[in-house]
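# pasting the sequence and the predicted coordinates here, then a few questions.
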Amino acid sequence: MLEVSNLNKFFDHNHAVKDLSFSLDAGEVLCLLGANGAGKTTTVNMLLGFTEPDSGLATLDGLDMHRQSEQCRRQMMYIPENVQLYPAFTALENMTYLAELAKVDVTAESMAAALERTGVESVHHAKKLGSFSKGMRQKVAIAFALLKHAKLVVMDEPTSGLDPVATREFIDVINTIKERGTAVLIVTHDLFCARELADHIGIMSQGQLKQLLHKPTLSLAELNDQYFRQFAA
């Protein structure tokens, strides 16, 4: 579904991303870990088509994610750390507006079903998002990804600021969209979330993918050790 081959990005003399390569199949989760400045944000911006790579290629279901960025965005959902929806709109009104922007056909029934599938109970559908927690706003955004039939969901620090209960609910929601065959790329500092969710864990440092763990079976302590070992090397 997602293929990244030898991506490179320079900012003046700073080699921000160096020969980055990985792949992600439908229904899989890749968590990218790394300290600030590791190259994670630049990687995401290249995948979203906001930043042009200096060399290399990223494709989504065969489409060039830079040269065909508009077509790719129609098949993607980006959910930033702080979900920017309309606080004066209800959950259903936000879904309706997003559907109009994305030219996605929806019905009241399909929107309600998507919200309930991500854990937003019907009693909240007509409430304004200004009263929602970060976790609840995320659920609305993920529900729209379901309606949109997004092939790839990209998330930036989704568990930042969530309490343990909300984090567990987030993990359950991501497992729900995995079952639909959606590929999920998560940029995070949350080792627990990565350990619980990921089919693959990538550890980035100084623009390079230092380690890529497939189907990780490491304990949280072992993952923590692997993570910090990359910065001591």
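Arrived safely.
# what lies in contact with stretch 217-233?
Applying Cβ atoms under 8 Å, 6 or more residues apart in numbering, the contact partners of stretch 217-233 are 33, 35, 191-192, 194-195, 201, 203, 205, 210-211, 213, 216. Glycine gets a C-beta too; all of them are placed from N, C-alpha and C.
# could you list the buried residues of the lowest-mean-pLDDT helix or strand in the chain?
Lowest on mean pLDDT, DSSP states H and E among the helices and strands of the chain sits helix 220-232, with a mean of 74. Neighbour-count burial for helix 220-232, counted by 16 or more other Cβ atoms under 10 Å, picks out 223, 226-227, 230.
# can I get those residues in TSV including distance to residue 165?
Formatted as TSV, the buried residues of helix 220-232 follow (distance: Cβ to Cβ, whole Å):
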residue	distance to residue 165
223	22
226	28
227	25
230	31
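# if we can go back for a sec, any of the contacts of stretch 217-233 buried? List them.
Neighbour counting by 16+ other Cβ under 10 Å classes 33, 191, 194-195, 201, 203, 205, 210-211, 213, 216 among those as buried.
# ok, the nearest residue to residue 139 once chain neighbours are set aside - contacts?
Of all residues not flanking residue 139 in the chain, residue 118 sits nearest, at 4.3 Å (Cβ to Cβ, 6 or more residues apart in numbering). Residues near residue 118 by Cβ under 8 Å, 6+ apart: 139-140, 142-143, 146, 173, 176.
# next, residue 118: phi, psi?
With angles defined as degrees, to the nearest 10, residue 118 sits at phi -90, psi 10.
# so how far is residue 112 from it?
Distance, residue 118 to residue 112, using Cβ to Cβ, to the nearest Å: 11 Å.
# just residue 142 next, same as before
With Cβ to Cβ as the criterion, residue 142 and residue 112 are 15 Å apart.
# who's more crowded, those two?
residue 142 (29 against 17; other Cβ atoms under 10 Å).
# now do the closest residue to the more buried one other than its chain neighbours against residue 227, distance only.
Once flanking residues are discounted, residue 142 sits nearest to residue 118: 5.0 Å by Cβ to Cβ, 6+ apart. Applying Cβ to Cβ, the value for residue 118 to residue 227 is 29 Å.
# what are the boundaries of the strands in this structure?
Using DSSP state E, the strands of the chain run over residues 2-11, 14-24, 29-33, 55-60, 63-64, 76-79, 152-156, 183-187, 200-205, 208-214.
# Serialize those to TSV and add fields for mean pLDDT.
Converted to TSV, the strands of the chain look like this (pLDDT from 0 to 100):
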stretch	mean pLDDT
strand 2-11	95
strand 14-24	94
strand 29-33	93
strand 55-60	94
strand 63-64	91
strand 76-79	89
strand 152-156	92
strand 183-187	94
strand 200-205	90
strand 208-214	88
